[in-house]
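> need a 3D model of the sequence below.
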Amino acid sequence: MTSTSLTSISLTAGRSGATEQNYVNRVTIEHLLYGMLLLVAGALRFFALGVQPLTSAEALNSWLAWLAGRGLMASTGPATMLADMNAPSSPLLFALHSLLFWVGADSDAAARVIPAIVGTVLVLLPWFLRPYFGRTWALLAALLLAVDPWLVAYSRLADGLILSVFCGLLTLIGLVHFAAPVEQPAAVTSAQRRWLYVMAVSGGLLLVSGVGAWNFVPVLLFGWLFFRPPHRVVESSVAPDIHAATTEKMTANLTADASEADAAHEMDEANTGTEAPVTASEMIDDQHSASVKAKAATPLPNNTEIELPYEPMQTPGVALLLFAAAAVLGATGWLWQPAGLGYISTSLTDWIGQLLHSGDAVYPLSWLALRLLVDQP
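Numbering: from 1, shown residues only. Okay, the predicted model is just below:
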C-alpha cells in the first residue's frame, strides 16, 4: 500500500471522526429529554398491544381492510355482502391497513400498530412550537402528550381518531408558523411557503383520517381567522431597512408614473400646438409624490415596528394541488384502493349523526367536565 493511499485513508477517517464529533456536540439535554419521552410514549402504546381482542368497531375496520388487502372485495359471498353494507370509519386507516395486510400481517397487534406509531410520533410535535411556547412549556406539552390517558388509549385502538389528532395538530402548527411575524423579511417567503405546503399535506390527510377529523374543522377555521393577520408586523431590528426598501420602491414607481404623465403632457402639446393646462388630477399626483418622497427621506429609529400589507403566496395552486393529492392518495393507498374515496362522505355522515345524537349513547353536558376532572389532572 502506497503512502498516498495511506494518507487518503487517514484523511477520510479524520473527516468521519470530525463529522461524528459534530453530531455528538449538537445533541443537547433537550434532545435527550425528547428522546426519553419518545421511548416512554412508545412503551405505553406498544406494551402488550395484541393481548386484548379487537372490539367490534376495530374488528370491522380491520376486517374490511383485510378483505381489500387480500383481494377478496370483488368476490361474492356473505362476507362481501356484509362488507358492502358497512364502511370503515377512517379512509386513511383503511388504506394503510390494506397495505399492511397485503404484505402478510394479520394479527390483532398488526391491526393496532399504525395508530400506535402515529400516537408515539405525536409526542414530537411540540418541538415545532418552541418559538411560541418556549422550550420548557413545549417539553411539558410533549410530556402530556406522551402520558395522557386518552391519547394512550386511542393510540392502542385500530381506529382513525389518533390519526385525526396528529394531522389536526400538525395542520394547526403549520398555520401558526405560516402566519407568524418573522424578523428576517428576506426569508419570509421561503419559510411561509414550506409551512404552507406542510399545512396543505396534513390538511388533506386530516380530511380522510376519519370521523374525528370533522371536529377539527371549526378549530382550524377559527385558527385561520385568528392567526392569519391582515398585515404582517416587522420587528424593530429590520423595520428601518424595510421602510427604506419599501419607500424606495414607491418612489421609483412614482417617478415612472411621472415620466409617463410628462410624456403624455408633451404629446398633447405637440398635437394641439399650444401649452396644455395642468389638470387637477396631475396636481394631486404631484402633491402625493412629494409627500411620499418626503416620508422616504425620513429614516425610522431602530425601535420602530411597521406593518406591511399581507401578501398571499404567489403559488396557492401548488398548495391546493398538494391538499387534493394528499387526500386522494391517502384515502386510496396511493390509488390502490379507490373505494376509500367513497368512505369520506361516510365519515361526514357518521359525524353529523353523532352531533344529532342519532346513536344509542347520549352523554349529558356534565360528562365533559367530569372526564376533564378525572382523566386530565
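> any low-confidence regions in the chain?
Along the chain, the parts satisfying pLDDT under 70 run over 1-25, 73-86, 181-189, 227-315, 357-377.
> how is it partitioned into domains?
25-230+312-375, 239-309 (automatic domain parsing).
> I117 versus Q337, what's the distance?
Using CB to CB, to the nearest Å, Q337 is found at 20 Å from I117. For every residue, glycine as well, the C-beta is placed using N, CA and C.
> and those two? Which one has more around it.
Between Q337 and I117, counting by other CB atoms under 10 Å, Q337 is the more crowded of the two (22 against 17).
> what sits against that one?
68, 94-95, 98 (CB atoms under 8 Å, 6 or more residues apart in numbering).
> what's the farthest-apart pair in these?
A68 and A95 (8.7 Å; CB to CB).
> burial count for the nearest residue to P338 once chain neighbours are set aside?
Distances taken as CB to CB, 6 or more residues apart in numbering put T332 closest to P338, at 5.4 Å, once the chain neighbours are dropped. For T332, the neighbour count with other CB under 10 Å is 20.
> equivalent analysis for L44, please.
Neighbours around L44, by other CB under 10 Å: 20.
> ok, now A327?
Other residues near A327 come to 23 when the count uses other CB under 10 Å.
> quick check: it vs V123, distance?
26 Å.
> and L157, which of the three is it?
Here L157 is coil, with the state taken from DSSP: H, G, I helix; E, B strand; the rest coil.
> measure it to L67 for me?
For L157, the distance to L67 equals 20 Å [CB to CB].
> same deal with T349?
From T349 to L67 the distance is 22 Å (CB to CB).
> how about L196?
38 Å.
> name the residue in these two with the higher neighbour count.
Per other CB under 10 Å, whichever of L196 and L67 has more neighbours is L196, with 22 against 19.
> so which strand or helix has the more buried one?
Element membership for L196 (DSSP states H and E) is helix 188-207.
> which parts of the next helix or strand after that helix are buried?
Using DSSP H and E, the helix or strand that directly follows helix 188-207 along the chain is helix 213-227. By neighbour count on 16 or more other CB atoms under 10 Å, the buried set for helix 213-227 is 213-214, 216, 220, 223.
> OK, contacts around the residue nearest to Q52 when sequence neighbours are not counted?
Spatial nearest neighbour of Q52, excluding adjacent residues (CB to CB, 6+ apart): D108 at 7.7 Å. Going by CB under 8 Å, 6+ apart, D108 touches 49-50, 52-54.
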